[in-house]
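J.: Structure for the following, please:
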Amino acid sequence: MINNTLSSYTASTPSIDTELDLADTGQNGIRQLESTLSFSPSLPLISTQQTWLVFAAAVFLVTVPVFIEAPIVRSLPALSLALTAFWVWLSFTLMSRPATYVWGDLLLGFSWSWLAGAIYWGWLRWEPVWHLPVESIGLPLACWCLAKSWGKVGSWFYLGSLFGTVLTDVYFYLADLMPSWRQIMRVDADVVPQILQNALMQVQTPWGQSWAIVLALVLLTVGILALGRKQRHWYAFSGAVLSTILVDSLFLLAAIAA
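T.: Numbering: from 1, shown residues only. Below you'll find the predicted structure:
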């Protein structure tokens, strides 16, 4: 009787251990899945704080070329072009770590904008007709990345920056500011203030003011609608679009101050 009881207990023990092992394995699997999802670069939804950080970083990266790349590219265009390789290397380095993937992704899109700026403002800035074709240099790559569902944050940042550039150039054409653009790029620095004042007079006409309001409303509408998506790549797009208004306002203030 006792032997039968011990045998029955011994036989049942592995089953209990197995159930406990399976339970532990299941809990570990759940923890691993949660950890993977929290750091997954393909996960579209992130915390509110992170989305706004992506938005702020996009705004910063659009305004950076105005204050940093422009002085470098005018005097050292080859250096500015070479820095593109550094941005690409840094972006892939950040993308190799789950915790910094999104920032590397964003920086990769910025690299395309930097490359276009280095080429145009370094060697082709005298002819505004070439501005949009050069700024679109990263468009095929951005479309390819989106088709592959890879690099969404950087690709949408680049597209937002390009969208803002297109509208700005459209305004220059509509307000007939292209001749002033060409003159500024060819004359001495002491003549630039007078050219800016002449351009400002064209902006202040009813035609110039009307189109400025229309295009600003388009930028605001597109940027605000993108914020409603609550996804990091749309926040990058929105930051790039809305910061176009900031950059254009800075140029307008420069013309007024001149």
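J.: rest of the way, CA atoms for contacts and neighbours
T.: Fine.
J.: May I have stretch 62-79 as PDB, with CA atoms only?
T.: Extracted in PDB, the C-alpha atoms of stretch 62-79 (Å, rounded to 0.1, in the frame of the first residue of the first chain):
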ATOM      1  CA  VAL A  62      14.900  71.800 -40.700                       C
ATOM      2  CA  THR A  63      16.300  75.100 -39.200                       C
ATOM      3  CA  VAL A  64      19.800  73.700 -38.700                       C
ATOM      4  CA  PRO A  65      20.900  74.200 -42.400                       C
ATOM      5  CA  VAL A  66      19.800  77.900 -42.200                       C
ATOM      6  CA  PHE A  67      22.300  78.600 -39.400                       C
ATOM      7  CA  ILE A  68      25.000  75.900 -39.800                       C
ATOM      8  CA  GLU A  69      25.100  74.500 -43.300                       C
ATOM      9  CA  ALA A  70      24.700  77.800 -45.100                       C
ATOM     10  CA  PRO A  71      27.900  79.400 -43.800                       C
ATOM     11  CA  ILE A  72      29.800  76.200 -44.300                       C
ATOM     12  CA  VAL A  73      28.600  75.500 -47.800                       C
ATOM     13  CA  ARG A  74      29.300  79.000 -49.000                       C
ATOM     14  CA  SER A  75      33.000  78.900 -48.000                       C
ATOM     15  CA  LEU A  76      33.700  75.200 -47.900                       C
ATOM     16  CA  PRO A  77      31.200  73.400 -50.200                       C
ATOM     17  CA  ALA A  78      33.400  70.200 -50.500                       C
ATOM     18  CA  LEU A  79      33.500  69.900 -46.700                       C
END
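J.: So for it, what gets flagged as buried?
T.: Neighbour counts over stretch 62-79 (16 or more other C-alpha atoms under 10 Å) mark 62-63, 65, 69-70, 72-73, 77 as buried.
J.: Among those residues, which ones are in helices?
T.: In this view, these that belong to helices under DSSP state H are 62-63, 70, 72-73, 77.
J.: Out of those residues, which one has the weakest pLDDT?
T.: On pLDDT alone, Ala70 ranks lowest of those, at 82.
J.: what about that residue, distance to Ile119?
T.: To Ile119, Ala70 is 11 Å away according to C-alpha to C-alpha, to the nearest Å.
J.: which residue ranges form the helices in the stretch 101-250 of the chain?
T.: Per DSSP state H, counting those that start in this stretch, the stretch 101-250 of the chain carries helices over the ranges 101-119, 131-135, 139-147, 152-174, 178-186, 192-203, 206-227, 232-257.
J.: Which of these sits closest to Thr51?
T.: When the helices of the stretch 101-250 of the chain are compared by C-alpha to C-alpha, helix 232-257 sits nearest Thr51, at 5.3 Å.
J.: on contacts alone, who are the packing partners of the closest one?
T.: Applying 3 or more C-alpha pairs under 8 Å, 6 or more residues apart in numbering; DSSP states H and E, one finds that helix 232-257 contacts helix 48-64, helix 152-174, helix 192-203, helix 206-227.
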